[in-house]
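> based on what follows, work out the 3D shape:
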Amino acid sequence: MVQNSRSPSILRKKLLRLADGLRERFGVPSRPRRANILDALVQTLLSQSTTDHNRNLAFNELKKQFPDWDAAAAATQGALARAVSSAGLGNQKAARIRSFLHWLRDEHGELSLEFLNEKSDTQAVELLTRHKGIGIKTAYVTLMWASDRDLFAVDVHIHRISGRFGLIGAKTTPEKAHSELGPFVPKGRAFELHVNMLAFGRTICKARSPKCRECDFRRMCPHYRELNRKNSNQVPEPKRTRDKLRQAPKN
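Next up, the predicted model:
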C-alpha cells in the first residue's frame, strides 16, 4: 500500500521537486489573459465528465444561440439543454447554469462575476461553492484561469498522481486534496504545476498502463516501488527445476 508523506517538510520538498522536474519536461505554460469570470465558470461547468473538445463545442453553441447571458437566463431549460448537448448531461448542466444565472441576476443585479476580483480567495471560493454543481475543483479552476489566482486545482489526473506519489492518503478525496496539497505548492507556481501535472497524467502517469520506465520521478514514487516489489515476488521458477520435477519418478 502506498504510504502518504505526512511530514509537511517532505511534502513541500516533493512538490517542489515535482514542479521543477515537470518544468524541465514540459516548460512553463503560458498564462492566459485574465478572462471573463462568468464565461470561465460556465465553461468549467460544461467540462465536467466530458472532453475539452466537447466542452468547447457546447460553449460555442451556447454563445451562438444566446449572444449574451441575459438571453441565456431568459431561455427555457430545454433550450439551454439542446445548446449544450454535445457536452453530455445536457439537462443537468442546463439546469445548473440557468439556476446560477437567475441567482446572480437576482442577488447582484447584473450577470457578471467581475466583483469576485475584489474578494479574497476564500470569499470567492465560498460564494461559488454554495451553488449546486460547483465544487471546490470547479471554483478553483474558474478562479485560476479567469482571475489569475495562485490556486492549485486538483482534477482526476492530479488526484491520481498525488496518490501514487504518496502526497495524499489512499482515502483522500479530490475535494480534501485541495486543502492538503495547496499550502505546500511552491508559491506563485500553482497554475504551472496544475497544467504540467495534467500533461504528465495524460502522457506518462496514465490511469491505465502508466509509462513508469519513462518517468523522471521513479525514485520518489512509492507506487513504482510497490510494483517492483510485487514483480520481484512473482519470479517464475527456473526452467531447470521445473524439468527435474517433471522427470521425477512417480510413487
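> ok, residue 192 to residue 206 distance?
Distance, residue 192 to residue 206, using Cβ to Cβ, to the nearest Å: 21 Å. From N, CA and C alone the C-beta is placed, and that goes for glycine too.
> again, but for residue 7
Residue 7 is 28 Å from residue 206, by Cβ to Cβ.
> run the chain-centre distance for stretch 149-156.
7 Å (Cα atoms, centre = their mean, to the nearest Å).
> so what touches it?
Applying Cβ atoms under 8 Å, 6 or more residues apart in numbering, the external contacts of stretch 149-156 come out as 121, 124-125, 137, 140-141, 143-144, 162, 174, 177-178, 181-182, 185, 187-191, 193-194, 198, 201.
> residue 116 reaches residue 127, doesn't it?
Yes - between residue 116 and residue 127 there is a contact under Cβ atoms under 8 Å: 7.0 Å.
> more neighbours, those two?
Set residue 116 next to residue 127 and count neighbours by other Cβ atoms under 10 Å: residue 116 wins out with 23 against 16.
> what's the helix or strand where residue 100 lies packed up against?
Assigned by DSSP states H and E, residue 100 falls within helix 90-108. For helix 90-108, the elements it packs on are helix 37-47, helix 69-74, helix 77-83, judged by 3 or more Cβ pairs under 8 Å, 6 or more residues apart in numbering; DSSP states H and E.
> most tightly packed of the ones you listed?
helix 37-47 (a mean of 22; mean count of other Cβ atoms under 10 Å).
> so what's the residue count around residue 232?
8.
> so which residues of the stretch 51-200 of the chain form helices?
Ranges of helices within the stretch 51-200 of the chain are 52-65, 69-74, 77-83, 90-108, 121-129, 136-146, 156-164, 174-181, 190-203, based on DSSP state H, counting those that start in this stretch.
> quick check: which of the ones you listed is buried the most?
By mean count of other Cβ under 10 Å, the helices of the stretch 51-200 of the chain have helix 136-146 as the most buried, with a mean of 23.
> and the angle from that one to helix 121-129?
120 degrees (axes from the mean of the first three to the mean of the last three Cα atoms, to 10 degrees).
> of residue 7 and residue 206, who's got more company?
Taking other Cβ under 10 Å, residue 7 and residue 206 do not tie; residue 206 has more neighbours (13 against 10).
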